[in-house]
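Colleague: sequence first, predicted coordinates after that:
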Amino acid sequence: MKLMEELAPKGLQGVYVDKTEIATTDSTGNLVYRGYRVVEIADRLSFEEIAYLLVYSRLPNREETDEFRKFLIENSKLPGYVVKIISAMKGMNIMDILRTSVSALTVSGRDEKSLLSLAAKFPAIVNLAGDGPDPDKAPTGSFSERFYYFMTGRDDQKNAGLLEKILIMYMEHEFNASTFALRVTASTLADPACAFTSALATLKGPLHGGANSEVLKFLLGLKSQDEVRRYVDDTLAKKEKLMGFGHRVYKDRDPRAQYIKGLLLRYFSDREVVRNAVFMEEYVWEKKNLAANVDFYGALYMYLLGIDEKYYLPVFACSRVFGWVAHYIEQQSNNKLIRPLALYTGKKDQKI
């Protein structure tokens, strides 16, 4: 066999690199958390219950849910030195501040509570980095109520409840780029802060989590279906990527995107931008068989909930971190250093 034939596909597409019990996409194209279809449990369970499920491999009872919610609030307080770091970085991109702040945090252990204590600080960092309101005045209810308050300054249970839905959709997605980066770092036995920093750096890329801000820019600029057609046709003619479309796993429909689309049509169907977005999804599918992904509808969804664009990627991070907690634990439980080979194709036998 030739060496080139031994290479894995570019980007490891279609390659299984390890086993996981955390999440998958089933044969019908549904995203599944620990055996539960996400689009089904999102209507029945809270963010805290699903985060608990990912981390502890089972659903909590009411007392455990209350304790979990209380733990996240109690462990959200930031150390003074991190507050100083954030103050020194004020005005910079929130994801840069979040990444730097997390890298500076000291994590004493590698157990569930130590990891969750780190995750609990993500919204507090985002709040301070975005010049948000006084965290001491935040609602003491759900994770989503507090987080919505941090980003908007409003105690709004209805909008917080809608925010919770997209937080659940974002929470986990098996070996996506940021999670795989986290697992590579965790496999070196680096501490959790290092692994989470790797994940945050990877998440920021526009081909991963960073697409949602780009999506909003063009959606708000399109005022009619004719403009939608022209934008799509021009973008495709220039062979440029249509942000918010296509996914490595979902070739038919992204179930998360369809779930958020349903919420948009239920609560914001009177908005022209929503109708244009639905038309664009249909037109792109007709032209290229490219499915809208969760970033396409997610950006518009957060905009209509009154959340500023600067928070869109941090929203992703503050949800996905609970998936990262589960993956860090799973990687450590049966660890082997992740160190693939590269086929050298450079020059040989060079002489000085």
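Modeller: Cool, got the structure. Since the structure is predicted, the reported quantities are computational estimates derived from the model, not experimental observations. Numbers count the residues shown, from 1 in each chain.
Colleague: got the CA coordinates for the helix-or-strand element of the chain with minimal mean pLDDT in PDB?
Modeller: The weakest-scoring helix or strand in the chain, judged by mean pLDDT, DSSP states H and E, is helix 211-221 (a mean of 83). Extracted C-alpha coordinates of helix 211-221, given in PDB (Å, rounded to 0.1, in the frame of the first residue of the first chain):
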ATOM      1  CA  ALA A 211     -19.900  32.400  12.300                       C
ATOM      2  CA  ASN A 212     -23.000  33.700  14.200                       C
ATOM      3  CA  SER A 213     -21.800  37.400  14.200                       C
ATOM      4  CA  GLU A 214     -21.100  37.300  10.400                       C
ATOM      5  CA  VAL A 215     -24.600  35.800   9.800                       C
ATOM      6  CA  LEU A 216     -26.300  38.700  11.600                       C
ATOM      7  CA  LYS A 217     -24.500  41.300   9.600                       C
ATOM      8  CA  PHE A 218     -25.800  40.100   6.300                       C
ATOM      9  CA  LEU A 219     -29.300  39.100   7.500                       C
ATOM     10  CA  LEU A 220     -30.000  42.600   8.800                       C
ATOM     11  CA  GLY A 221     -28.800  44.100   5.600                       C
END
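Colleague: which is the succeeding secondary structure element to that helix?
Modeller: helix 225-237 (DSSP states H and E).
Colleague: that older thread, the least confident helix or strand of the chain packs against which elements?
Modeller: helix 272-288, helix 294-304, helix 312-333 (3 or more CB pairs under 8 Å, 6 or more residues apart in numbering; DSSP states H and E). In short, each C-beta sits where N, CA and C put it, glycine included.
Colleague: what about the chain, any weak spots by pLDDT?
Modeller: Low-confidence segments of the chain (pLDDT under 70): 1-5, 210-211, 247-248, 250-251.
Colleague: domains in it, by residue range?
Modeller: 23-206+311-333, 211-304 (automatic domain parsing).
Colleague: could these go into JSON lines alongside mean neighbour count?
Modeller: Below are the domains of the chain laid out as JSON lines (neighbours: other CB atoms under 10 Å):
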{"stretch": "domain 23-206+311-333", "mean neighbour count": "19"}
{"stretch": "domain 211-304", "mean neighbour count": "18"}
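Colleague: what's the closest of those to P9?
Modeller: Among the domains of the chain, the nearest to P9 by CB to CB is domain 211-304 (11.0 Å).
Colleague: so how far is that closest one off the chain centroid?
Modeller: 18 Å (CA atoms, centre = their mean, to the nearest Å).
Colleague: again, but for stretch 339-348
Modeller: 32 Å.
Colleague: kindly check the end-to-end length of it for me.
Modeller: Using CA to CA, to the nearest Å, one end of stretch 339-348 lies 24 Å from the other.
Colleague: quick check: buried residues in that stretch?
Modeller: In terms of neighbour count (16 or more other CB atoms under 10 Å), stretch 339-348 has no buried residues at all.
Colleague: measure the closest residue in space to D254 that isn't next to it in sequence to V325 for me?
Modeller: Residue nearest to D254 in three dimensions, not counting chain neighbours: N293, with 4.7 Å by CB to CB, 6 or more residues apart in numbering. Distance from N293 to V325, counting by CB to CB, to the nearest Å: 24 Å.
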